[in-house]
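Engineer: okay, sequence plus prediction incoming.
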Number of protein chains: 2
Amino acid sequence: MTYRTHHCGQLSISHAGENVVLSGWAFRIRPFGGMVFIDLRDRHGITQLVFDDSENSELCHRIRQINREYVINIQGKVRERSNKNPDIKTGDIEILVDEFTVLSSSDIPPFTLENETDGGDELRMKYRYLDLRRETIRNNILLRHQLGQEVRSYLNSNDFLEIETPCLIKSTPEGARDFIVPSRMNPGTFYALPQSPQTFKQLLMVAGFDKYYQIVRCFRDEDLRADRQPEFTQIDCEMSFVNRDDVLEMFEGLVKHVFKTLKNVDIQNIERINYDEAMSSYGCDKPDLRFEMKINDITSASQHKDFQVFNSAEFVGAICVPGGASFSRKQLDALTDYVKRPQIGAGGIVWVKWDSENGLKSSVDKFYDEADLKQWMELCGGKESDILLLLSGNKNKTLKAAGELRLKVGDDLGLRDPNNYKLCWVLDFPLLEYDEDAKRYFAMHHPFTSPIEQDIEKLNTDPGNVKANAYDLVINGVEVGGGSIRIFDRTLQETMFKVLGFTPEEANNQFGFLLNAFRYGAPPHGGIAFGFDRFAALLGGSESIRDYIPFPKNNQGKDVMLDAPSQISNTQLDELGISLSKTKKEK
Amino acid sequence: MTYRTHHCGQLSISHAGENVVLSGWAFRIRPFGGMVFIDLRDRHGITQLVFDDSENSELCHRIRQINREYVINIQGKVRERSNKNPDIKTGDIEILVDEFTVLSSSDIPPFTLENETDGGDELRMKYRYLDLRRETIRNNILLRHQLGQEVRSYLNSNDFLEIETPCLIKSTPEGARDFIVPSRMNPGTFYALPQSPQTFKQLLMVAGFDKYYQIVRCFRDEDLRADRQPEFTQIDCEMSFVNRDDVLEMFEGLVKHVFKTLKNVDIQNIERINYDEAMSSYGCDKPDLRFEMKINDITSASQHKDFQVFNSAEFVGAICVPGGASFSRKQLDALTDYVKRPQIGAGGIVWVKWDSENGLKSSVDKFYDEADLKQWMELCGGKESDILLLLSGNKNKTLKAAGELRLKVGDDLGLRDPNNYKLCWVLDFPLLEYDEDAKRYFAMHHPFTSPIEQDIEKLNTDPGNVKANAYDLVINGVEVGGGSIRIFDRTLQETMFKVLGFTPEEANNQFGFLLNAFRYGAPPHGGIAFGFDRFAALLGGSESIRDYIPFPKNNQGKDVMLDAPSQISNTQLDELGISLSKTKKEK
């Protein structure tokens, strides 16, 4: 049969009088007097169908039997609508239907398929194929497709090659946990699924491919948080014969291309901020630059009086909220409650208001005089009608709390417009983090990141203070990408493993293939990886990645539609040479 | 530092006199009198460097210390070569080097990196990053990249969306074995890796995405053969509201686009052949149409004399080899040995020659007279100077053997030119195959393939004779793609599962999500999947897919470079709640 001559987003007034065939879903059905109107939906849009009793009563009788979401095939004539709908592409026309066929019937969907649905998360996930019919989710998936194609377009035109790396690799449990895959052909042994193609892309540089990319699935067996998925997609890139700035420029170009083509936004300036500066001014390594309100250090300016809370603090910091002098007691209480939540853990907020009526007033007037408050205002760049919000305590914790407070106030004041994009690179991260429990250093990015050149000497003597030649791309406070210039010298890589507590045997057992590759002429190289799911969500104006993944898993790592993971048969287990162990976990 | 102003395939006579900076690998080093010549290599090509004792003896001394595959950075001046090399892009020029730096040293590689290498398979796999430096392999990977991009280009321009489907799914062990992945978060349960995204792409059609594709990794835990890999890549496509011919036309367009853009070959005609016709004329379901030499049925024309071999045979078939009357006894013996190999298993060959000198002669002159031989020749379209090769026995086995013999003779006569492309669709496959051991039917493609419409009734009464609405794309005797129109009716899908021996509970347990989806308005749909690795190999003129996969596994499913699969720690096993069982396999 002929299923269609046009799709449902295609017909316009220029087609009036034509006979057409369409197929799609009966999205909305509206009986109206002697007529039935149906919004016929497909991926491309909606076309209004008219069934008219006075033209064909048998047809009209039959169409009254169908329900929402039936799949029908119709033929009819395009005509101008009397009642035009300017909101949709086909709003000028309708089809007077001559004949129709039900291709597929439908039960009533368990939730409405409108943009504002009444379906809860679990229900939507269980019927994901229905959830995906909703326009918002469909548009997310479309955006994701476009992002992929525009990324490829830019990278192809810059001489990158898309090269696939394997999924069944070797377990190297440094960093997050690996998912593992028992090998039936080689009993007692296991593959691992890649957490990223890091070592493969480095091998591709050793192989001379010069510029590599891949939009690639990665796997991490982590305890899940709201925005984490056990499998996720990465735009993975690597370049040879580059310095840091070569990499930054290439990928600034990528990001600008993406914003221009997908959002018609010209990204002008991408700031570059040191990690130390990001931490001290914004209390985090992914600053949201859509608004100022930096953190100011007023420790020394606040410890000369009898206020023990400040005097005993390692750090006193303040943010100045422009116009915040008008904050009510209730607003201030709400902010205090916010910073006292266990996730943030501050003791409370000290405030200083400067308003035209009362001059400078604070919640610590008992301890500080106007000169003190004035000095703090000056240190923070405050002016009349502003408020300072002060936090104190352990330095790192207080900076972090002040950073969270800053974001909360920014949200409250509407300063975080999702359609306003501010980008920055965060640079010069520490190479290593010391873990007090494990009593060893861990790589802040990964063990293949190069120290900055002038710090290489310090790797043996003062590893905690070595800076990495690493960079993160942050958009509106979201880390969208990260990368580094890599180690390409075998000896330096061996030193790095040693600092991380590997014995030479362990290093060789896990990463011998890379150390070996470095024996045969490795070029200087560096790269970056972008979180594809997160980048898509950000471009869609959302912080939740789940609505941008076609078939996501829930917070327990489950696909409730498939019912996966699930039990498998003993035959399968036997063939693989494994059995379930009765561990504490199973209870 | 500045790593390069140009790459190694870029400079030409128009750059003469310019100062340039290059980086790359010292591919070939040729001391020549007071000079040293180096071919500097990168992904883009080779540039000749000259170090001249009379210009700078210190530099020349230093360069004599480096070995092949050192990575160096040089600066120098472009000059016209006296001794031009027309075979390479940069053959008109050379660089007189002023200064160089060793970026990275190299041991002597374990095999030569020339196109004709002395490295055996295992060695090349162990040092794959060196093997990938060879021009042939590099070009394969480049071709693979281009294939991917051209496929995307065509499908994008035809309104397909690239949509990702999950890798961690549910085990549904119908067909090949699944690789499985223990879930740490949900002890005692397992994900499976997808053998293909079949059910997901069908769900995407139910979701209304209309046209889907994905270049996607798939996994099959099969006992490996030479051309099989445990993980492989598929171009996976699906369309809604289509008949079979819509799908065939769309993907004929894809294949023509690929041949035009990658090979500059215009594919004119893509034949359509029924499965039955392919089997009877070519003895296989993937006929090589680069040459004729079809199999002819001469059973009834050969059973009227006293030759028991033919009289007792279910089938006597012949191929006519044009010009084959000149085959020597030795050639005929070789062909006889070929068909007698256990993989083919024929009993021998009967031949009939027709040459100008001796007329019609055969190896069965004792039994048949000239009239018989003449009749056979006529049945096979033979003429003077041709030879008929006859096989007999069980029909299916004999057809298969004759098909193999046909290919062998085609090879011997040079009729299978890899640069001559003949494409065909094979249509109307049987839906089911009966397995004598399991005493049940199996789906020839998969359980979601629709019967052709007029055979649906027969599904309950005569399942063995139901034809599938399925199609394979065959290029030069290689099955490059296959697909079908799918079942989209819940009742028909349930019938299909029943015919395949599923209880309703089993069907629901494994494929309930799909059966459920069919309750909510599923559109008619169909699709196809192409073997990406094989398609790339075919375009590269090779039958081995391994040289077209960046990091392939060997015949035991091992990555010998990584040493994967490998043992994992007891901690990892404990966390996953599994243990190694002492089965027979482990001995």
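Structural biologist: All right, it came through fine.
Engineer: neighbours around the closest residue to chain B within the stretch 251-400 of chain A, how many?
Structural biologist: The stretch 251-400 of chain A approaches chain B most closely through residue A:261 (13.2 Å), counting by Cβ to the nearest Cβ. C-beta coordinates here come from the backbone N, C-alpha and C atoms, glycine included. The number of residues packed around residue A:261, counting by other Cβ atoms under 10 Å in any protein chain shown, is 16.
Engineer: again with the one 4 residues further on
Structural biologist: Applying other Cβ under 10 Å, we find 15 other residues in the vicinity of residue A:265.
Engineer: near chain B, which residues of the stretch 1-150 of chain A are found?
Structural biologist: Counting by Cβ under 8 Å from any Cβ of the partner chain, the stretch 1-150 of chain A comes close to chain B at A:1, A:3-4, A:7, A:23, A:25, A:41-44, A:69-71, A:103-107, A:109, A:127-130, A:132-133, A:138, A:141-142, A:144-145, A:148-149.
Engineer: domains in chain A, by residue range?
Structural biologist: A:13-104, A:291-416 (automatic domain parsing).
Engineer: now for those domains, which one comes closest to residue A:204?
Structural biologist: Residue A:204 sits nearest to domain A:13-104 of all those, at 36.7 Å, using Cβ to Cβ.
Engineer: got the end-to-end distance for the closest one?
Structural biologist: Across its full length, domain A:13-104 reaches 30 Å end to end, with Cα to Cα, to the nearest Å as the criterion.
Engineer: swap in stretch A:415-431?
Structural biologist: 33 Å.
Engineer: which positions in it come out as buried?
Structural biologist: Across stretch A:415-431, burial judged by 16 or more other Cβ atoms under 10 Å in any protein chain shown covers A:415-416, A:421-431.
Engineer: circling back to that earlier point, ok, the residue of the stretch 251-400 of chain A closest to chain B touching residue A:149?
Structural biologist: No - taking contacts as Cβ atoms under 8 Å, residue A:261 lies outside contact range of residue A:149: 9.2 Å.
Engineer: so what's the residue of the stretch 251-400 of chain A closest to chain B scoring on pLDDT?
Structural biologist: On pLDDT, residue A:261 comes in at 98.
Engineer: looking at this, it is in a helix?
Structural biologist: Yes - read with DSSP: H, G, I helix; E, B strand; the rest coil, residue A:261 is one of the residues of a helix.
Engineer: look up the closest residue to it, ignoring the ones flanking it.
Structural biologist: residue A:150 (4.9 Å; Cβ to Cβ, 6 or more residues apart in numbering or on different chains).
Engineer: same question for residue A:242.
Structural biologist: That would be residue A:526: by Cβ to Cβ, 6+ apart, it lies 5.5 Å from residue A:242.
Engineer: ok so, going back, which ones among the residues of the stretch 1-150 of chain A next to chain B lie within helices?
Structural biologist: A:128-130, A:138, A:141-142, A:144-145, A:148-149 (DSSP state H).
Engineer: who touches the helix or strand where the residue nearest to residue A:242 lies?
Structural biologist: Secondary-structure element containing residue A:526, defined by DSSP states H and E: strand A:525-531. Here strand A:525-531 makes contact (Cβ atoms under 8 Å, 6 or more residues apart in numbering or on different chains) with A:196, A:201-202, A:205, A:212, A:232-244, A:247, A:251, A:450, A:469, A:471, A:473, A:479-486, A:488, A:545.
Engineer: now, the residues you listed that are in helices?
Structural biologist: Among the contacts of strand A:525-531, the members falling in helices (DSSP H) are A:201-202, A:205, A:244, A:247, A:251.
Engineer: by neighbours, which of those residues wins?
Structural biologist: For those, neighbours tallied by other Cβ under 10 Å; top is residue A:205, 27 neighbours.
Engineer: contacting residues for that one?
Structural biologist: A:212, A:238-240, A:488, A:522-523, A:525.
Engineer: do that again at 6 Å, thanks
Structural biologist: Residues in contact with residue A:205, defined by Cβ atoms under 6 Å, 6 or more residues apart in numbering or on different chains, are A:238, A:240, A:523, A:525.
Engineer: around chain B, pick out the residues from the stretch 151-300 of chain A.
Structural biologist: A:156, A:161-164, A:166-171, A:179, A:181, A:183-191, A:203, A:206-210, A:217, A:221, A:231, A:241 (Cβ under 6 Å from any Cβ of the partner chain).
Engineer: list buried residues within these.
Structural biologist: A:156, A:161-164, A:166-171, A:179, A:181, A:183-184, A:186-191, A:203, A:206-210, A:217, A:221, A:231, A:241.
Engineer: so which of those are in strands?
Structural biologist: In this view, these that belong to strands under DSSP state E are A:161-162, A:181, A:190-191, A:217, A:231.
Engineer: including pLDDT, could those go into CSV?
Structural biologist: As requested, these are arranged in CSV below (pLDDT from 0 to 100):
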residue, pLDDT
A:161, 98
A:162, 98
A:181, 97
A:190, 96
A:191, 97
A:217, 98
A:231, 97
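Engineer: of all those, which two lie farthest apart?
Structural biologist: A:161 and A:190 (30.5 Å).
Engineer: what's opposite the nearest residue to residue A:299 once chain neighbours are set aside in the beta bridge?
Structural biologist: Nearest residue to residue A:299, sequence neighbours excluded (Cβ to Cβ, 6+ apart): residue A:316, at 4.6 Å. Under DSSP bridges, the beta-bridge partners of residue A:316 are residue A:392.
Engineer: give me the pLDDT for residue A:316.
Structural biologist: pLDDT at residue A:316 comes out at 98.
Engineer: go ahead and confirm it touches residue A:310.
Structural biologist: Yes - in this structure, residue A:316 is within contact of residue A:310 by Cβ atoms under 6 Å, at 5.2 Å.
Engineer: mind listing the shared neighbours of the two?
Structural biologist: Common neighbours of residue A:316 and residue A:310 (Cβ under 6 Å, 6+ apart) are A:302, A:392.
Engineer: looking at those two, which is more packed in?
Structural biologist: Neighbour count, other Cβ under 10 Å: between residue A:316 and residue A:310, residue A:316 has more, with 26 against 23.
Engineer: gap between that one and residue B:232?
Structural biologist: 61 Å (Cβ to Cβ, to the nearest Å).
Engineer: then residue A:521?
Structural biologist: 31 Å.
Engineer: more neighbours: which of those two?
Structural biologist: Counted by other Cβ under 10 Å, residue A:521 and residue B:232 do not tie: residue A:521 has more neighbours, with 27 against 20.
Engineer: shouldn't the more buried one be in contact with residue B:104?
Structural biologist: Yes - taking contacts as Cβ under 6 Å, residue A:521 lies within contact range of residue B:104: 5.1 Å.
Engineer: shared neighbours of these two, anything?
Structural biologist: In contact with both residue A:521 and residue B:104: residue B:71, using Cβ under 6 Å, 6+ apart.
Engineer: any stretches of chain A with poor pLDDT?
Structural biologist: In the predicted model, chain A carries pLDDT under 70 at residues A:174, A:226, A:582-587.
Engineer: and the longest strand for it?
Structural biologist: Taking DSSP E as the criterion, chain A has its longest strand at strand A:19-32.
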